[in-house]
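Engineer: Got a predicted structure plus its sequence, pasted below:
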Amino acid sequence: FTVMYDVPAIDPEVVIKDYLELGQKIKPFVTDVSEMLYKAVKAGKRLVFEGAQGTILDVDQGTYPFVTSSNTVAGYASCGAGVGPTALDEVWGVVKAYTTRVGNGPFPTELLDETGDTLRKIGNEYGATTGRNRRCGWFDAPVVRKAAVVNGLTHLAITKLDVLDTFDTVKICTHYECDGEKLEFIPNQLSKVGRCTPVYEELPGWKQDTTKCRTYDELPENAKKYLQRMAELLDVKIGMISIGAKRDQSIVIDEGLAKGLGL
């Protein structure tokens, strides 16, 4: 059948001409990427692969059908870029100091109250393109624990710690309770996730401005205790903490990375 829209018809000859011209501009950059990366690895160069979207949106490991259309876990850096898995010697998980989700899907620690609104406002949790509200909640260890396992995380990069600066207390979901069972990982069954009740551990807040801190030692003691508890629950060491959007607001605490970055 034919669908008619009130728009001008596309002239294929114009499209072909435009794209052939663009192709000539792109042509110098086209190469066998796997060969290029192999040579870079052999030469001892540092390679960084950046993934998009979160683990729970992975088409295989995520909360299907509320997922994206591809694999977002770290292992896919090897498949997509064309390097062998043994070339990946570190896997960093970038995670907020609290938990957010965009769009529909299960979210056990979601806060549908003033606290959730406060997290959203301070953290500027609005879609970059659509402007729609991100759903906000306390840090969900079972979700991140699942991400740590399926990605093989070696380090955590914890962002937006400063968003929690004004809270009297902060909470961490340590595990779920579901049908009388203790769950330390978010379940694979979507119907089961909906029956999960988060179990929280409450910690004292720090009530101090962290945005001016430039070293780990400068962070308030209660902020350090919060970070240490996160690392303990996930069994992954912290390599970086951000307390703002500026470059100098990233605190690198992994000595190997700091040396590699010339810090």
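Structural biologist: Alright, I've got the coordinates.

Engineer: List the buried residues in the strand or helix carrying Gln24.
Structural biologist: In this assignment (DSSP states H and E), Gln24 forms part of helix 12-26. Neighbour-count burial for helix 12-26, counted by 16 or more other Cβ atoms under 10 Å, picks out no residue. Just so you know, the C-beta spots here come from the backbone N, C-alpha and C atoms, and that holds for glycine as well.

Engineer: next one: stretch 58-69
Structural biologist: For stretch 58-69, by 16+ other Cβ under 10 Å, it's 58, 61-63, 66-67.

Engineer: got it, and stretch 81-89?
Structural biologist: The neighbour-count check on stretch 81-89 (16+ other Cβ under 10 Å) flags 83, 87-88 as buried.

Engineer: Which one of these is nearest to Leu234?
Structural biologist: In terms of Cβ to Cβ, no member of these lies closer to Leu234 than Leu88, at 19.4 Å.

Engineer: residues in contact with the closest one?
Structural biologist: Leu88 makes contact with 49, 74, 77-78 under the criterion Cβ atoms under 8 Å, 6 or more residues apart in numbering.

Engineer: now Gly180
Structural biologist: With Cβ under 8 Å, 6+ apart, Gly180 has no contacts at all.

Engineer: Do you know the pLDDT at it?
Structural biologist: Model confidence at Gly180, given as pLDDT, is 94.

Engineer: Equivalent analysis for Gly194, please.
Structural biologist: pLDDT recorded at Gly194 is 87.

Engineer: Determine the number of other residues adjacent to it.
Structural biologist: Other residues near Gly194 number 11, with proximity taken as other Cβ atoms under 10 Å.

Engineer: rewinding a little: quick one: mean pLDDT for the helix holding Gln24?
Structural biologist: Mean per-residue pLDDT for helix 12-26: 96.

Engineer: CA atoms only for the helix or strand just after that helix, dumped as CSV, please.
Structural biologist: Going down the chain from helix 12-26, the next helix or strand is helix 33-42, by DSSP H and E. Provided in CSV are the C-alpha atoms of helix 33-42 (Å, rounded to 0.1, in the frame of the first residue of the first chain):
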residue,chain,number,x,y,z
VAL,A,33,39.9,-0.6,11.8
SER,A,34,40.8,-4.0,13.3
GLU,A,35,44.3,-3.8,11.6
MET,A,36,44.8,-0.2,12.8
LEU,A,37,43.9,-1.1,16.4
TYR,A,38,46.1,-4.2,16.3
LYS,A,39,49.1,-2.1,15.3
ALA,A,40,48.3,0.4,18.0
VAL,A,41,48.1,-2.3,20.7
LYS,A,42,51.4,-3.8,19.5
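
Engineer: returning to what we had before: mark which of the contacts of Leu88 are buried, thanks.
Structural biologist: 74, 77.

Engineer: Out of the contacts of Leu88, name the ones that lie in helices.
Structural biologist: In this view, the contacts of Leu88 that belong to helices under DSSP state H are 77-78.

Engineer: Generate a markdown table for the contacts of Leu88, with pLDDT as supplementary columns.
Structural biologist: A markdown table is the format used below for those (pLDDT from 0 to 100):
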| residue | pLDDT |
| --- | --- |
| Phe49 | 94 |
| Ala74 | 94 |
| Ala77 | 92 |
| Ser78 | 92 |
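
Engineer: okay if I get the contacts of Leu88 as TSV plus distance to Glu35?
Structural biologist: Below are the contacts of Leu88 laid out as TSV (distance: Cβ to Cβ, whole Å):
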residue	distance to Glu35
Phe49	17
Ala74	22
Ala77	17
Ser78	15
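
Engineer: Can you tell me which of the contacts of Leu88 is nearest Ile122?
Structural biologist: Closest to Ile122 out of the contacts of Leu88 is Ala74 (29.6 Å), distances taken as Cβ to Cβ.

Engineer: Who's the closest spatial neighbour of that closest one, skipping the chain neighbours?
Structural biologist: Distance criterion Cβ to Cβ, 6 or more residues apart in numbering; nearest residue to Ala74, sequence neighbours excluded, is Asn151 at 4.1 Å.
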